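Enquirer: need coordinates for the following:
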Amino acid sequence: MTKRTTPAGPGGLPLLVTAQGLSALADHALLVVGMARLAELALPAWWAPVLKLVFTLAYVLLAPWVGHWADAWPQRRVLQITTLLKAAGVGLLVTGLHPLWALMLAGVGAAAAAPARYGWMAARVDPRDWVAANAWLEASIVVAAVAGIGLGGWLVRPEGGGATTAALVLLGVQLLALALLKWLPAGGAPAPRRTAAPPPWRAFVTTWQQLWRDADAALSLSVTTLFWGAAAVLQVAVLQWAGEVLSMPLHQASTLPLAVAAGLVVGAVWAGRHVPMAAARQLLPLGVLLGLGLALAALVVQQAAVAFAVLFVLGAIGGVLVVPLNALLQQRGHALVSTGRAIAAQNLAENTSILALLGLHAAWLAGGGGVQALLAGLGLMVAAGVAGLMQAFRPREAPASLP
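Expert: Next up is the predicted model:
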């Protein structure tokens with residue numbers, strides 16, 4: 001039997017957090033390096049969200065298969081293969097190819113890694129510690145995503161040597177992450193093969209239906225889908241907002257998301273220690289507050305120092321909101337289907353939202369719209385969406401019995 005462990009104890013979780021955090025750091029730094037290559041090629045501004053879009057596309061197209069791979073293969077092997085794919089994507093940028101292809105291949109690796117990562121956690125960590133373990137994983141991945149923007153900005157600073165030199169550094173980071181995985185303990189045993197198993201796409205449809213029919217899983221899917229769709233737009237738009245409103249060049253603007261990262265760490269760790277999974281529903285008003293705060297900040301903030309403070313607070317709110325909801329989905333997914341398949345379904349939902357919102361982002365900029373109005377509208381959408389979900393998933397009172 002696979003030995004389970006607590007989040008902070010022995011058994012490999014710190015190593016998983018480190019390796020996957022480094023790999024995600026390079027993934028998101030690659031986005032900024034790709035944007036720098038776009039500038040070198042003198043391509044228009046709407047190409048920036050397209051880079052993020054093609055990275056995300058793999059999550060949607062591969063969703064029926066990645067959960068199956070995470071269950072059928074040893075999770076450590078899956079993580080090694082996916083990290084190698086991401087390193088190959090960075091290598092494409094080193095060779096001088098258009099950054100579109102680099103982001104596309106890196107997206108394939110990232111999409112296949114997520115179910116294996118959480119499948120490993122489900123096999124190694126006691127279910128009573130899933131909220132805390134999620135706090136570690138979510139904090140590391142989200143912080144790496146935002147810190148990667150800062151790293152990418154630092155690498156492409158005017159005296160930094162250009163996009164190719166920056167890509168070489170990121171290739172080294174991915175190879176370091178790959179080397180660390182050699183010492184990761186094995187996860188759960190691969191699922192037994194069935195002679196009459198349905199095709200992966202049909203099994204995925206069944207998983208999708210089961211999760212959406214479960215009230216807790218459906219609530220978690222709905223809120224996290226809205227949250228991460230908005231976060232993907234924010235990741236790119238905040239850089240453009242910093243340039244347009246705060247007059248910050250790209251290599252300086254890329255430090256602004258670090259405030260979000262710090263807030264997310266504080267919020268995620270606090271939630272992991274103090275918020276039980278059963279309290280996830282009670283945190284939904286924070287989503288309304290988060291959206292309204294973003295809309296107000298986009299319209300009134302004019303100074304970099306104020307922007308850092310506001311983004312820190314918004315990041316903390318997001319960390320407190322998302323960690324228990326993710327743990328709730330994994331608990332329901334583990335009970336209904338499997339953790340790997342549940343995460344694959346979550347990836348499809350979230351990344352379909354990301355693709356749709358990034359498409360609107362690119363269309364808005366291509367049509368001459370301003371990024372300030374874009375962020376304000378995004379915040380109002382989040383607030384209204386969470387408020388609607390609170391109403392839709394409100395517990396129904398049982399009808400009073402007749403005397």
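
Enquirer: drop to CA atoms for contacts and neighbour counts, all remaining ones
Expert: Noted.

Enquirer: quickly find the element holding Ala147.
Expert: Under the criterion of DSSP states H and E, Ala147 resides in helix 130-155.

Enquirer: show me what that helix is packed up against.
Expert: helix 13-40, helix 162-180, helix 250-253, helix 257-274, helix 304-336 (3 or more C-alpha pairs under 8 Å, 6 or more residues apart in numbering; DSSP states H and E).

Enquirer: and those, which one averages the lowest pLDDT?
Expert: For those, mean pLDDT drops lowest on helix 250-253, to a mean of 79.

Enquirer: buried ones in that helix, by neighbour count?
Expert: 250-253 (16 or more other C-alpha atoms under 10 Å).

Enquirer: how about stretch 366-383?
Expert: The neighbour-count check on stretch 366-383 (16+ other C-alpha under 10 Å) flags 371-372, 374-383 as buried.

Enquirer: TSV for those, including pLDDT, distance to Arg273 and secondary structure?
Expert: Converted to TSV, the buried residues of stretch 366-383 look like this (pLDDT from 0 to 100; distance: C-alpha to C-alpha, whole Å; DSSP: H, G, I helix; E, B strand; the rest coil):
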residue	pLDDT	distance to Arg273	secondary structure
Val371	89	37	helix
Gln372	91	36	helix
Leu374	93	35	helix
Leu375	94	32	helix
Ala376	94	32	helix
Gly377	94	33	helix
Leu378	94	30	helix
Gly379	95	28	helix
Leu380	96	30	helix
Met381	95	30	helix
Val382	95	26	helix
Ala383	96	26	helix
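
Enquirer: just put those residues in CSV and tack on distance to Gln210.
Expert: Converted to CSV, these look like this (distance: C-alpha to C-alpha, whole Å):
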residue, distance to Gln210
Val371, 39
Gln372, 40
Leu374, 35
Leu375, 34
Ala376, 35
Gly377, 33
Leu378, 30
Gly379, 31
Leu380, 31
Met381, 28
Val382, 26
Ala383, 27
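
Enquirer: I'd like the helices and strands packed on helix 130-155 written out as CSV, with distance to Ala139 added.
Expert: Below are the helices and strands packed on helix 130-155 laid out as CSV (distance: least, C-alpha to C-alpha, whole Å):
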stretch, distance to Ala139
helix 13-40, 9
helix 162-180, 17
helix 250-253, 22
helix 257-274, 5
helix 304-336, 8
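
Enquirer: and these: which comes nearest Ala110?
Expert: Set against Ala110 and scored by C-alpha to C-alpha, these come closest in helix 13-40, at 8.0 Å.

Enquirer: hmm, Ala304 is touching Leu246, no?
Expert: Yes. Using C-alpha atoms under 8 Å, Ala304 is in contact with Leu246, at 6.4 Å.

Enquirer: residues contacting Ser109?
Expert: You called it Ser, but residue 109 is Gly. 81-86 (C-alpha atoms under 8 Å, 6 or more residues apart in numbering).

Enquirer: same check, this time on Leu246
Expert: Applying C-alpha under 8 Å, 6+ apart, we find Leu246 in contact with 302-304.

Enquirer: write the PyMOL selection for whichever of those are buried.
Expert: To isolate the buried members of the contacts of Leu246 in PyMOL, using 16+ other C-alpha under 10 Å:
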select buried, resi 304
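
Enquirer: need the contacts of Leu246 in JSON lines with distance to Pro49, can you?
Expert: Below are the contacts of Leu246 laid out as JSON lines (distance: C-alpha to C-alpha, whole Å):
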{"residue": "Gln302", "distance to Pro49": "24"}
{"residue": "Gln303", "distance to Pro49": "25"}
{"residue": "Ala304", "distance to Pro49": "23"}
